[in-house]
Structure formats: C-alpha cells, structure tokens
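K.L.:
next comes the sequence, and after it the predicted model I'd like to discuss.
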Amino acid sequence: MVISPYRHVFTLLKSDIVNKIMNVNHSYSNLAYELHCTVQEIQANLKETTEANQKLLNHVNVNVNELVGSISQLKNETKEAEMLINELNKTIETTQEHVRLGEVAKELAKRSPSKSDLIDILRKLYLKEANCSSSDRTERESGSWCVRRLKNYPPGTRFGRFSTMRPNKNNVEPTNGSHSGELVKSGVKAMNEAFDKPKKQEQQLKDEINKYNATQLQLTNISQKLNELNNTLQGQIKIKSITNALNEEFQLINNRLKTVSTSSKRLLDVLMYMLDYETIVKPLNSIYDKLLNGNLTESNDLKLSNEILNKTKQKLLLLTVKLPQIRYRRKEFHRPCANR
C-alpha cells in the first residue's frame, strides 16, 4: 500500500529528473515540459503515499488495540482454567481417597456374614431371648414381655445388659419392632451400601477426571492461541513503529513540497528545491533505510548521494542558458501532462 507509490517517487526523482538532467543530449526541446510533468507526478504520488501511510497507521493502531484486548481476555480465561484445574485436582484426590476407603469397606463386607447367615444367627438369638423360666411360660404364651439378661453379650452392646423381646409362639422370625430385626436391617443396609458406594464413587472419579482432561485441553488451546496472538501483536507493534516513523517523514516531505510547488513558482526553483539533499532527499533516504531494515522492501540502490545532487543542480543551472523554459512559472506550461 505504501511501498509502491514511495518507490515510484524515488524512481521518478532518480530516473526522470537526476538522470535526465545529467544525461541530456542535444535534443532537449521537451525537457522543460517533461521535468514539469515529473514534478507534478512526484507530488501526486507523494500525496498518495502520505495518505496511504496514515491509513495504514490508523489500521495498525486498531489492530494493536484489538489484540491487546483479546490477549487480556485470554489471560483471564487462562487464570480461570488454572483455578478450575487446581480445584479439580483437589476433588480428584479426595474422590480417589473415598474410592480407596470404599474398596476397604467392600472387602470388609465380603468377610462379614451374609444376609441369610445374619438372619439365622439372630433367629437363634431371638429364641434364646424368648426362652424364659418355666414359671413365666403362661405369661410368655399369652404374649407378655419377657426380660432376661443376655450373658453372651458384653454390657453396652445392642444385646448387652438387658434386652426386651415380645415373643410370638406362632412366628419364630424376628419382628420389626425387635432389636434383632433392626440389627438385620441395619446389617443388610450396611452391606448394600458397602457394595454400592464404591461404584458411585468410581463414577464420580471418572466424571471428575473427564472434567480435568477437558479443562486441560481447553487450557492448552488457550495457551496456543495466546502465543499466536502475542506473536501477531509483536509483528503489529513493529509495523506500527515503522509506520509511525515513516508517517513523520512523509508528512514533512509532503508539506515542504506543497509549499514550494505551487503553480506560481518557477520550475527551476521547484527543481532546485527537490534536489536539495537536506530538505528532501535525506528524508527520502531515511525512509528507504527504515523499509530496508524492517524487511519491507528489497535493496535496489535507490538512494541518492549529496555529491550527485550537487552535480545535478550545477548541470541544471547550465541548461537554463540554452533552455529558458526551465525558468518559466509552472502555470505557463499549458499543455496537460499525459498520465503514466
């Protein structure tokens, strides 16, 4: 966008002004007109270059601001993902411990009496509780309470000290209200829980690991995208720095030429100003160096030295003797320039 019109400006200055003046032959009747048109074309291309560079600078500024915003957002997402991973790590460790304890409980449950064994043991215990003294038989058969110390159980246990049972001669199974029945239910429930809980915990562990893996993948993708955006940002910052420096140079040259290149100025004065090293050519050389150092253009030996410019100005002054049109004011060149 910027390089093409800039290179054209430098090419016109070097080929169509310096080289033409230095290599002029006897057929130079149209030289003044050609130089006038070259000055006009240089002005147009320099204006185009300055405007294009300003647009590029504005565009790069927008890109940099958007990239900074996107990078900031991704950094926040990275922090959130890292926090979630830390939480999931803790949850997984806790769940793994629960699974381990569940497996221990499951193994203990496997070594415990089965449900049928528990019922058989408790049925005998129930009958033992119901076997009161013969003097209480009538009361027992009539369904009264029988209270008897169970010596086989230590004090403080469920059947320690005293146990109260209500026997039923027609049913030798423990009733729902008996301590034996409650023990059977409690034992069976504990066994079922011991076998079911590890399965639930293993599923929970699997779910947490899946969440962890998904979050880790998300974090990897964010990190990769963040790295790409950072690289893009560095490239845009480099372009911004170069473009900003070029913008200052282009604005300076364009404003200087705009002042001296009005139609009321003599062509000779305009040419002498364009061939001034410090005012015009040195800034153009500086732009060329910046583009070359930024790998934005190829080396084509476009630069002009102060020595060649001084020789060109001397030759130009000599030409005015034989070619007085060079001293004409630019508005005196009535023939329109052909577009190239």
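P.N.:
All right, it came through fine.

K.L.:
for the most centrally placed residue in the chain, which non-adjacent residue is closest in space?
P.N.:
Central residue of the chain (CA atoms, centre = their mean): residue 226, 3.2 Å from the mean position. Nearest residue to residue 226, sequence neighbours excluded (CB to CB, 6 or more residues apart in numbering): residue 74, at 4.6 Å. For the C-beta atoms, the positions are set from N, CA and C on the backbone; glycine is no exception.

K.L.:
give the contact list for that neighbour.
P.N.:
222, 225-226, 229 (CB atoms under 8 Å, 6 or more residues apart in numbering).

K.L.:
burial count for the residue nearest to residue 260 when sequence neighbours are not counted?
P.N.:
Residue nearest to residue 260 in three dimensions, not counting chain neighbours: residue 273, with 4.7 Å by CB to CB, 6+ apart. Here the count is done by other CB atoms under 10 Å, and residue 273 has 17 residues near it.

K.L.:
hmm, back to that, where's the residue nearest to residue 226, which helix or strand?
P.N.:
Using DSSP states H and E, residue 74 sits in helix 31-111.

K.L.:
please apply the same query to residue 297.
P.N.:
Using DSSP H and E, no helix or strand contains residue 297.

K.L.:
quick one: contacts for the nearest residue to it once chain neighbours are set aside?
P.N.:
Nearest in space to residue 297, with sequence neighbours left out and distances taken as CB to CB, 6+ apart, is residue 291 at 4.1 Å. Contact analysis of residue 291 by CB under 8 Å, 6+ apart lists 3, 6, 242, 246, 297.

K.L.:
quick check: phi and psi on residue 291?
P.N.:
Main-chain torsions, residue 291, degrees, to the nearest 10: phi -70, psi -40.

K.L.:
residue 203 too?
P.N.:
Torsion angles, degrees, to the nearest 10, at residue 203: phi -70, psi -40.

K.L.:
could you do residue 266 as well?
P.N.:
According to degrees, to the nearest 10, residue 266 has phi -70, psi 140.

K.L.:
likewise for residue 298?
P.N.:
phi -90, psi 160.

K.L.:
same check, this time on residue 262
P.N.:
Taking degrees, to the nearest 10 as the convention, residue 262 sits at phi -70, psi 160.

K.L.:
quick check: the gap between the residue nearest to it when sequence neighbours are not counted and residue 267.
P.N.:
When the adjacent residues along the chain are set aside, residue 262 lies closest to residue 330, with 7.5 Å between them (CB to CB, 6+ apart). Using CB to CB, to the nearest Å, we find residue 330 at a distance of 6 Å from residue 267.

K.L.:
hang on, the earlier thing: the residue nearest to residue 260 and residue 214: what is the separation?
P.N.:
69 Å.

K.L.:
could you do residue 307 as well?
P.N.:
For residue 307, the distance to residue 214 - CB to CB - is 70 Å.

K.L.:
check residue 310 too.
P.N.:
Separation of residue 310 from residue 214 (CB to CB): 73 Å.

K.L.:
now residue 330
P.N.:
73 Å.

K.L.:
give me the more crowded residue out of the two.
P.N.:
residue 330 (17 against 12).

K.L.:
helices along the stretch 201-340 of the chain, start to end?
P.N.:
Secondary structure of the stretch 201-340 of the chain (DSSP state H, counting those that start in this stretch): helices at 267-274, 282-293, 306-322.

K.L.:
and those, which one averages the lowest pLDDT?
P.N.:
Ranked by mean pLDDT, the helices of the stretch 201-340 of the chain end with helix 282-293 in last place, scoring a mean of 86.

K.L.:
relative to helix 306-322, how tilted is that one?
P.N.:
140 degrees (axes from the mean of the first three to the mean of the last three CA atoms, to 10 degrees).
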